[in-house]
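**Q** Sequence first, then the predicted structure, then my questions.
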Amino acid sequence: MRAWEFITEARTGSLQPDVARALPATYTIPKVQNNVPYHQYRFGVAIAGAKGAAQRKKDGVTPFAPQTPWGENEIVVSFDPHIETWLDDALNEIGLTSSDKKLISTMTSEEDTDVDKRSPVRAFKGYER
């Protein structure tokens, strides 16, 4: 006697309908593919931010941008004061021009405008500040 002769399956065919029914609110987003981690990251940030949209609007927080200024572009970050000259030379070397670069920050590293630069320690007798 063979096993298939006495073992009977409760059902045959695909488990897909039952699996789909067992999962809570499961969506597929074909335009956000799993082979681009950056897009997945951005979408995850957007999902996390969607729940707090009303509070951010109330607080006056800048809305979430659909794309970043750097996206999938080459980024160069430097503290060297001559970086602009070097970038221009390098761009010319590969057949581009200085207008092909775009400064998206300030030339110096600065604190954000909402950062308090005062010491949290108040002056007191014996500790002049």
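**A** In hand now; what should we look at?

**Q** I'd say H39 and Q33 touch.
**A** Yes: applying C-beta atoms under 8 Å as the test, H39 and Q33 come out as touching, 7.0 Å apart. In this view, the C-beta of every residue, glycine as well, is placed from N, C-alpha and C.

**Q** got the contact list for I83?
**A** For I83, the set of contacting residues under the criterion of C-beta atoms under 8 Å, 6 or more residues apart in numbering consists of V76.

**Q** Can you give me the distance of it to V36?
**A** Counting by C-beta to C-beta, to the nearest Å, the gap between I83 and V36 amounts to 29 Å.

**Q** Check V77 too.
**A** As judged by C-beta to C-beta, V77 and V36 stand 23 Å apart.

**Q** got it, and E93?
**A** According to C-beta to C-beta, E93 stands 30 Å off from V36.

**Q** Looking at the two, which one has more neighbours?
**A** Just comparing E93 and V36: by other C-beta atoms under 10 Å the higher neighbour count belongs to V36, 12 against 8.

**Q** Return the distance of the residue nearest the centre of the chain relative to T68.
**A** Within the chain, one residue has its C-alpha closest to the average C-alpha position: by C-alpha atoms, centre = their mean, that is R42, at 4.2 Å. R42 sits 8 Å away from T68, taking C-beta to C-beta as the criterion.

**Q** With N92 instead?
**A** Relative to T68, N92 is positioned 27 Å away (criterion: C-beta to C-beta).

**Q** For whichever strand or helix holds Y38, list every residue counted as buried.
**A** Secondary structure assignment for Y38, by DSSP states H and E: helix 37-50. Applying a neighbour-count criterion of 16 or more other C-beta atoms under 10 Å, the buried positions in helix 37-50 are R42.
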